[in-house]
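# Dropping the sequence and predicted coords here.
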Amino acid sequence: MCGIIGITKGSGPDDGVQSVLDVLVEGLARLEYRGYDSAGLAMVGPTAADGMWRVRAANGTRSLDDLTKRTDDAPTHPSAGIGHTRWATHGRPNEDNAHPHADCTGRLALVHNGIIENHIELSDELIADGHHLESETDTEVLAHLIEAHLAAAPAEGVVGAVRSALSRVRGAFALAVVHADDPDAIVAARRVSPLIMGVNEGAAFLASDIPAILGLTHDFFILDDDRIAELRPGAISVTDLEGNPVEPEPLHVDWDLDAARKDGYDDFMSKEVHEQPKAVADTLLDRVLPDGTLVLDEVHITNEEFRSITKVFVVACGSSYHAGLMAKYAIEHWARLPVEIDIASEFRYRNPVVDEQTLIIGVSQSGETVDTFQAIREAKSLGAKVLVISNVVDSSMAREADAVLYTRAGPEIGVASTKTHLAQITALEILALYLAQARGTLSPADARGLLTAMGSLPDKVETAVSRSVDVHAVAEHYKDSPSFIFLGRHVGYPVALEGALKLKEISYLRAEGFPAGELKHGPIALVEPGTVVVGVATRTPVWEKMIANIAEVKSRGASIVLVANDGDEETARHADHVLWVPATEHLFAPIIDVVPLQLFAYSLARLHGLDVDRPRNLAKTVTVE
Ligand code: F6R
């Protein structure tokens, strides 16, 4: 989420090939997939009276175009510049919140990708010390903190000030700073959020990813966590947080530009599946405090209001509906509230019983799906409280709702939801625990235990994603199978539905998901020798019953593929092939168990030679009923 770029060429003669401005604008265009809520850039050096020059625009996908039309008063031969394309997390996507942010002197500019967790505490301090902050962002505190440290120890320069400022900061960052007093330099730093650098004879570059600066140099370096870099024309020096010099790690790159936009993956779906650990981690970030309590600053519904809720409705479509179905189990179990889950297009036309004590949770990656939008609007008019889970800041649904809980998966380009789906389940699980905390239905010790278990989810998702080759090998066995049945029980049921949806939408194969216990009431008639049954058989309280249902289809000749927990040989005995996943607390299991099913669908679609990013007849955002 968010893209940053920087270039320093120095104040020597312009080589006439590409100006600082061209490099920034082209780089931002290549970074736009990381977010396009707003864009901005800042330049220093000759001349524009040799101050810091900055332009920002917040006009969605047109932000970058708007910027380029507003450069008439820019410096003619700038030495260095930085740019940013934003995917809003803290603060609306408007010009004040767009990066670069400036300090009080107006001579320092800073861009940032990440989240500063203790920004409220820092901004209170800075304001008390007389700083004037203009935005609602978590980022702006960084510019003022650096300003304060530079004023206190000018001899240590911008690098020293960045180092001192970072000692106060908690959270994730990739940042770049330019200062009109040292116009040949860019100072950069990184923790968690990605930052790569490049250098050639007369310039040095940095960016959130390789595509942004591909073609400008062949010598790339990775900036590691907790390192500070000083970029000058033709040179990069790196130090640790104590100021000790360190060698930056070289990076070999042999991509062409098209491959690079996909970070070397064959398609966006595969890239986005591999981004899932980060999507889950970012969605958890700064919402779980070290003492095991949850904070949801953006949810403007009081605990008292949450306590007055008597019933929850979840409304959503497609994969978002499946995420909502998973949440039903968690909310009922932890928060002891009855939950109804509805396909959004059905909800509004069936006269639902909704009143002031009803909480409506609208789940939508895009926040624009018309069915879900109209469903929450209808519920709001009936007096219900509306909370939206969305991946897009300030989407129509986010604006309509009383409260929003944003997933932080970054922009998803592949039409089939993957990383946004995992982020939705994560956000809904957080919400379930938050409701339980507010309503006092879970002891603090139990809540702490669950939140600790949540912390290990990104690593477990990473393990599941890393097994794509194993899943592909299983998929190869079923390449010629025309139809698939997906079975699950309890939280495995929505996982089965999602596995079937992924398979049908990208591979066009017949795939149906059923609750395994329902099989005997009809669907088992579909089973004949050779029918492929994919079962979600990780350990839940109903595992034995699930295995009994698998035995029923196996005895009728079905080929069995089971999702099973690592090392669970007892489950493996019932399967022809196993898709292994790490175990976790059973109500969190969908976040991990769905991963091999995404990979299974992906492999089958690729084996059939299909375009996984643009499946036929589908659109990423459905804005018609
Ligand atoms: C499936 C998929 C769709 C969406 C559905 C809702 O892979 O992407 O089923 O989940 O169209 O979209 P949002 O979440 O934007 O409301």
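It's in.

# Identify the residues contacting residue 464.
581, 582, 592, 595, 596 (Cβ atoms under 8 Å, 6 or more residues apart in numbering). (Glycine included, C-beta is placed from N, CA and C.)

# Now the phi/psi pair for it, please.
Reported as degrees, to the nearest 10, the phi and psi values for residue 464 are phi -60, psi -40.

# Next, the closest residue to it other than its chain neighbours: phi, psi?
With Cβ to Cβ, 6 or more residues apart in numbering as the criterion, residue 464 has its nearest non-adjacent residue at 3.8 Å, and that residue is residue 595. As for residue 595, its main-chain torsions (degrees, to the nearest 10) stand at phi -60, psi -50.

# Same check on residue 187?
phi -110, psi 130.

# partners of it in the sheet?
Beta-bridge partners of residue 187, counted by DSSP bridges, are residue 177, residue 230.

# Also the one 4 residues further on?
Here residue 191 sits in beta bridges with residue 173, going by DSSP bridges.

# just checking, it touches residue 172?
Yes - judged on Cβ atoms under 8 Å, residue 191 makes contact with residue 172 at a distance of 5.9 Å.

# anything in contact with each of the two?
Counting by Cβ under 8 Å, 6+ apart, the shared contacts of residue 191 and residue 172 are residue 114.

# where does the stretch 351-500 of the chain come near the ligand, residue by residue?
364, 365, 366, 369, 372, 416, 417 (Cβ under 6 Å from any ligand atom).

# ok, of these, which one's closest to residue 355?
Nearest to residue 355 among these: residue 372, at 20.4 Å, using Cβ to Cβ.

# For that closest one, give me the backbone phi and psi.
Residue 372 adopts backbone torsions of phi -70, psi -40, taken as degrees, to the nearest 10.

# can you pick the most crowded of the residues of the stretch 351-500 of the chain next to the ligand?
Ranked by the number of neighbours (other Cβ atoms under 10 Å), those place residue 364 first, at 32 neighbours.

# The closest residue to that residue other than its chain neighbours: what's it in contact with?
In this structure, residue 364 finds its nearest non-sequential neighbour in residue 372, 4.7 Å apart by Cβ to Cβ, 6+ apart. By Cβ under 8 Å, 6+ apart, the residues touching residue 372 are 315, 316, 317, 320, 344, 362, 363, 364, 397.

# now do residue 387
Residue 387 makes contact with 299, 301, 359, 360, 361, 362, 401, 402, 403, 404, 405, 431 under the criterion Cβ under 8 Å, 6+ apart.

# you'd agree residue 583 is up against residue 563?
No - counting by Cβ under 8 Å, residue 583 does not reach residue 563; the two are 11.4 Å apart.

# what does this structure put close to the ligand?
Close to the ligand, as judged by Cβ under 6 Å from any ligand atom, the chain has residues 317-320, 364-366, 369, 372, 416-417, 501, 505, 621-622.

# could you redo the last one with a cut-off of 5 Å?
Within the chain, the positions near the ligand by Cβ under 5 Å from any ligand atom are 317, 318, 319, 320, 364, 365, 366, 369, 416, 417, 622.

# okay if I get those residues as CSV plus pLDDT and secondary structure?
CSV is the format used below for the residues of the chain next to the ligand (pLDDT from 0 to 100; DSSP: H, G, I helix; E, B strand; the rest coil):
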residue, pLDDT, secondary structure
317, 97, coil
318, 97, helix
319, 98, helix
320, 98, helix
364, 96, strand
365, 92, coil
366, 85, coil
369, 87, coil
416, 94, coil
417, 97, coil
622, 70, coil
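
# from those, which is closest to the ligand?
residue 318 (1.8 Å; Cβ to the nearest ligand atom).

# Walking through the stretch 501-625 of the chain, point out its strands one by one.
Using DSSP state E, counting those that start in this stretch, the strands of the stretch 501-625 of the chain run over 510-515, 532-536, 559-565, 577-581.

# Buried residues of the last one, list them for me.
Spelled out, it's strand 577-581. By neighbour count, with 16 or more other Cβ atoms under 10 Å as the criterion, the buried positions of strand 577-581 are 577, 578, 579, 580, 581.

# pLDDT (mean, whole number) over stretch 44-61?
Mean pLDDT, stretch 44-61: 87.

# mind listing what's buried in that stretch?
Residues of stretch 44-61 classed as buried by neighbour count (16+ other Cβ under 10 Å): 44-45, 48, 50-59.

# do stretch 425-445 as well
425-439, 442.

# Ok, stretch 539-557 next?
Neighbour-count burial for stretch 539-557 flags 539, 540, 542, 543, 546, 547, 549, 550, 552, 553, 554 (criterion: 16+ other Cβ under 10 Å).

# Going through the residues you listed, which one is the model least confident about?
residue 540 (92).

# residues touching that one, list them.
489, 490, 491, 492, 546, 586, 589.

# switch the cut-off to 6 Å
490, 586 (Cβ atoms under 6 Å, 6 or more residues apart in numbering).

# Domain map for the chain?
3-258, 271-455, 463-607 (automatic domain parsing).

# Ok, which of those comes nearest residue 614?
Set against residue 614 and scored by Cβ to Cβ, the domains of the chain come closest in domain 271-455, at 6.1 Å.

# Distance from the chain centre to the closest one, please.
Relative to the centre of its chain, domain 271-455 is centred 15 Å away, using Cα atoms, centre = their mean, to the nearest Å.

# burial measure for residue 151, as a count.
12.

# does it count as helix, strand or coil?
Reduced to three states with DSSP: H, G, I helix; E, B strand; the rest coil, the structure at residue 151 is helix.

# Which pLDDT does the model give it?
As predicted, residue 151 sits at a pLDDT of 96.

# Filter the buried residues of stretch 425-445 down to the ones in strands?
When DSSP state E is applied, these are split such that none fall in strands.

# What about those, which are in helices?
Within these, residues falling in helices by DSSP state H are 425-439.

# Name all residues that make contact with the residue most central in space within the chain.
Residue closest to the average C-alpha location in the chain (Cα atoms, centre = their mean): residue 409, at 1.4 Å. The neighbours of residue 409, taking Cβ under 6 Å, 6+ apart as the test, are 279, 391, 419, 420, 423.

# now those residues in TSV, with neighbour count and distance to residue 272?
Formatted as TSV, those follow (neighbours: other Cβ atoms under 10 Å; distance: Cβ to Cβ, whole Å):
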residue	neighbour count	distance to residue 272
279	27	8
391	29	12
419	30	5
420	28	8
423	31	11
